[in-house]
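S.K.: sequence? don't have it. structure:
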């Protein structure tokens, strides 16, 4: 497994799964949680869907002396980073770095591509689908909502029905990966519906870019955005936005409605001056360059193979311990959402798991205590996921006083090895 993307080299011992280890470790009270004092000697394993762990190379790059954002040294970094971002996004167009969270990039896309009063279709099946609708309403757009139950994907056939029935719709706003549920929407298939219509497909790839393939030009996406703090292994605060050629044409006819998020001026700054429009997040972009170097040293096929393997092992482990997967199909490669047993709050489970130094996330909004999210994106490897699975099982058993089925860690490792075998056979 390439050390450039695996998390290998981290100063912590791996947790092995063979020889019945999972059976021996997973029973109520069988493993004593660390005391508050000894917790200081434990490595923290951050298995949340953003922020994610930072590679040493990225942290050290960001610790270099500060550069001025209008001087040649930083312009050279911008130029190198821009070339790698286009490869990652799979586009010939500029990829704009914006000093904001992913929500800022979502806001920039809506303001830059649609006039007040225009109609858009929002695919809503989670908290961030709801956020698209909230941003669109704030912009003054007319919103048509296409909903699906949380944990389920939006079917392309349903999108087609809505678009055929309402030719006034000018955009479809959707998540590639719905971070709140762990669902992967079939955006490639939706793009087949929009690319031959006067409809912009705006895709939130915040928990997908750098985790799963997102070839923007090949698929026909009109806008793709992401954030720095998930698959890209950089601290929060930087988002990235790219538009298709036809989206740039549309943007050229939209009157600016936001002084800060002016995409045309931002593009000119990137292409003509190798700068950002306003003050650059210098350290974040320096860190991003190093992270992208790491990804391309290993290669995108290896990155995506690793993510498939981690998703497979997480899902196999959760199923083997008798817990229910919240996203039974159409699941993202970056996180696994787990339905909690009746009467057990995920907030209690994450708090208990933290006693072992494993940090996971609850659900969000109405699913806050109904599901737990075990993330496997960015600078993590199979040993981290084993630790996460063990902490999950130990926490559930400790809180409920009942044994879950044994063998979860062995099942997880079997799934990992099978996934890696499939990758080798592809080569």
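M.R.: Noted; the coordinates are in hand. Being a predicted model, the structure only gives us computed values, none of them experimental. Residues are numbered from 1 along each chain as shown.

S.K.: show me the contacts for residue 75.
M.R.: Each residue near residue 75 by CB atoms under 8 Å, 6 or more residues apart in numbering is listed here: 273, 274, 275. C-beta: built from backbone N, CA, C; applies to glycine.

S.K.: Residue 120 too?
M.R.: 114, 136, 141, 142, 143, 144, 169, 170, 171, 172, 173.

S.K.: can we see that at 6 Å?
M.R.: 136, 141, 171, 173 (CB atoms under 6 Å, 6 or more residues apart in numbering).

S.K.: Assign a three-state SS to the nearest residue in space to the last one that is not next to it in sequence, would you?
M.R.: Across the structure, with CB to CB, 6 or more residues apart in numbering as the measure, the residue nearest residue 173 apart from its sequence neighbours is residue 132 (4.1 Å). Using DSSP: H, G, I helix; E, B strand; the rest coil, the structure places residue 132 in helix.

S.K.: follow-up on the earlier one: from the contacts of residue 75, which land in helices?
M.R.: residue 273 (DSSP state H).

S.K.: Name the nearest of the contacts of residue 75 relative to residue 311.
M.R.: Closest to residue 311 out of those is residue 274 (37.0 Å), distances taken as CB to CB.

S.K.: Run a quick check on the closest one versus residue 77, I expect a contact.
M.R.: No: using CB atoms under 6 Å as the test, residue 274 is too far from residue 77 to be in contact (8.8 Å).

S.K.: quick one on the thing from earlier: just the buried ones among the contacts of residue 75, please.
M.R.: Burial of the contacts of residue 75 was assessed by neighbour count (16 or more other CB atoms under 10 Å); the buried members are 274, 275.

S.K.: First-to-last residue distance for stretch 216-229?
M.R.: Stretch 216-229 has its terminal residues 20 Å apart, counting by CA to CA, to the nearest Å.

S.K.: Residues in contact with it: which ones?
M.R.: Contacts for stretch 216-229 (CB under 6 Å, 6+ apart): 50-51, 89-91, 102, 105, 109, 188, 191, 195, 200-206, 209, 234, 236, 238-244, 247.

S.K.: same question, stretch 79-91
M.R.: 95, 215, 216, 217, 218, 224, 242, 274, 288, 289, 292.

S.K.: Find the nearest non-adjacent residue to the first one, please.
M.R.: Excluding its sequence neighbours, the residue lying closest to residue 95 (CB to CB, 6+ apart) is residue 85, at 3.9 Å.

S.K.: Relative to residue 91, how far out is the one you found?
M.R.: 9 Å (CB to CB, to the nearest Å).
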